[in-house]
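[1] here is the input, now give the coordinates:
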Amino acid sequence: MLAGASLVCLLAGLLYLASQIRTIFSDQLKQEYAGLVLEAAGRADSARAMVDVWRQRPGDREAQAQGYRQARAELADRLGALAALVNGSPSAAPHMPGSALMADASLSETEALLATVSAHWRAQRDADGADIRLRVAHVANVLIALAALLFCLLLTALGMYAKRNRQLVGQSYEFEYAALHDPLTTLPNRRQLFAVLDDAAANPQPGPAPRKIAVLYVDLDGFKQVNDSHGHRAGDEFLIAVSRRFRESVRKRDVVARIGGDEFAVLIHEFSTADELAEVARRLIACVVATDEQMGLGLVRASIGIASFPDLVGDYQRLVAAADEAMYRVKRSGKNGYAFTAKAD
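    Reported below is the predicted structural model:
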């Protein structure tokens, strides 16, 4: 009878602990996902604040207008990334309306939306944390009550923990990969590009000459007409195909990233002369032309801005912005070409 009672207690305790541990891991995943959403909401709110700064900034009207447009584009990218996380949540959560992602959405509406999203997900994260702490306390109490049966129970719990931990590591990797890559093209995104850029600048090549790195900012001219005339499916197919060609046209150690929409950036880890960068730009333009011809569109070309460190840009953190500015010069001068950024004083 005692053995039977012990077995019943062991099975009951094991079942209870298993259910609690499984729920704890589930809450941990929810908490991590809420953290990702809050991080994305914070970046979107920073982008919104920058739009407001440019809108009220005095001075040159043309520079203000250009800065405002760029800030708006950045805000749209941030809101799109946030909406992808919120609307793709594995648990029930209020979706972000499509109207919030429109270019003409007011800053006050955006601010209110971000406040609502942040409040919901912060409350969700806190609730998950409280639930985790409560369940951990219950598990501790059961372990104390079943001290006489701890050995067998511990072996079982450790086996379950190891299995679940492997699953958690795999899922965490998937979350990290999703946070650093574009879901459509699988290219690195803006966040990953800047991380690789920081790493490249922080690890100079040996020798007296500093490593020269460069960024080519690519914007697809006429891409909007593809979506308007042939549908978004054709636009997605074009982006996937041209991304593959971009990747194949540069070295393996170089990085091709999708910044957002129809904009890409290529990080060249090392080069010797400006002619090498010009050749890369010509290859990228050829990739766009070849993709356009293959799909029979006759609509899309590319404008490319080139910035290099340290010969043209003294601060590597400004490489992407400088290349973007050079790209806009190409657009203003007729598109379908490339240009180097002016040397900084």
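
[2] those helices in the stretch 101-250 of the chain, which residues are they?
    Counting by DSSP state H, counting those that start in this stretch, the stretch 101-250 of the chain has helices at residues 107-145, 150-180, 190-202, 223-230, 232-249.

[3] after the longest helix seen in the chain, next one along is what?
    Taking DSSP state H as the criterion, the chain has its longest helix at helix 2-56. Using DSSP states H and E, the next helix or strand after helix 2-56 towards the C-terminus is helix 61-87.

[4] so which helix or strand of this structure has the lowest pLDDT on average?
    When the helices and strands of the chain are scored by mean pLDDT, DSSP states H and E, helix 150-180 comes last with a mean of 70.

[5] before we move on, the earlier item: rank the helices of the stretch 101-250 of the chain by pLDDT, which is bottom?
    When these are compared on mean pLDDT, helix 150-180 scores lowest, with a mean of 70.

[6] tell me how this protein divides into domains.
    The chain breaks down into these domains under automatic domain parsing: 2-180, 190-340.

[7] tell me which of the ones you listed sits most buried.
    Of all these, domain 190-340 has the most neighbours on average by mean count of other Cβ atoms under 10 Å, namely a mean of 18. Placement of C-beta: from N, CA and C, glycine included.

[8] span of that domain from start to end?
    This stretch, domain 190-340, spans 21 Å end to end (Cα to Cα, to the nearest Å).

[9] so how far is it off the chain centroid?
    In terms of Cα atoms, centre = their mean, to the nearest Å, the centre of domain 190-340 is set 18 Å apart from its chain centre.

[10] same question, stretch 8-25
    Centroid separation between stretch 8-25 and its chain, computed with Cα atoms, centre = their mean, is 37 Å.

[11] just the C-alpha atoms of that stretch, please, in PDB.
    The C-alpha trace of stretch 8-25 is given here as PDB (Å, rounded to 0.1, in the frame of the first residue of the first chain):
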ATOM      1  CA  VAL A   8       0.700   7.500  -7.000                       C
ATOM      2  CA  CYS A   9       2.300  10.500  -5.400                       C
ATOM      3  CA  LEU A  10       5.300  10.200  -7.800                       C
ATOM      4  CA  LEU A  11       3.100  10.000 -10.800                       C
ATOM      5  CA  ALA A  12       0.900  12.800  -9.600                       C
ATOM      6  CA  GLY A  13       3.900  15.000  -8.800                       C
ATOM      7  CA  LEU A  14       5.500  14.100 -12.100                       C
ATOM      8  CA  LEU A  15       2.400  15.000 -14.000                       C
ATOM      9  CA  TYR A  16       2.000  18.200 -12.100                       C
ATOM     10  CA  LEU A  17       5.700  19.200 -12.600                       C
ATOM     11  CA  ALA A  18       5.600  18.300 -16.300                       C
ATOM     12  CA  SER A  19       2.600  20.500 -16.900                       C
ATOM     13  CA  GLN A  20       4.100  23.400 -14.900                       C
ATOM     14  CA  ILE A  21       7.500  23.100 -16.700                       C
ATOM     15  CA  ARG A  22       5.900  23.000 -20.100                       C
ATOM     16  CA  THR A  23       3.800  26.000 -19.300                       C
ATOM     17  CA  ILE A  24       6.900  27.900 -18.000                       C
ATOM     18  CA  PHE A  25       8.700  27.300 -21.200                       C
END
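
[12] mean confidence score for that stretch?
    So the average pLDDT for stretch 8-25 ends up being 77.

[13] name the SS class of G334, please.
    Put simply, G334 is coil when judged by DSSP: H, G, I helix; E, B strand; the rest coil.

[14] where does the stretch 201-345 of the chain dip in pLDDT?
    Filtered on pLDDT under 70, the stretch 201-345 of the chain yields the residue ranges 204-209, 344-345.
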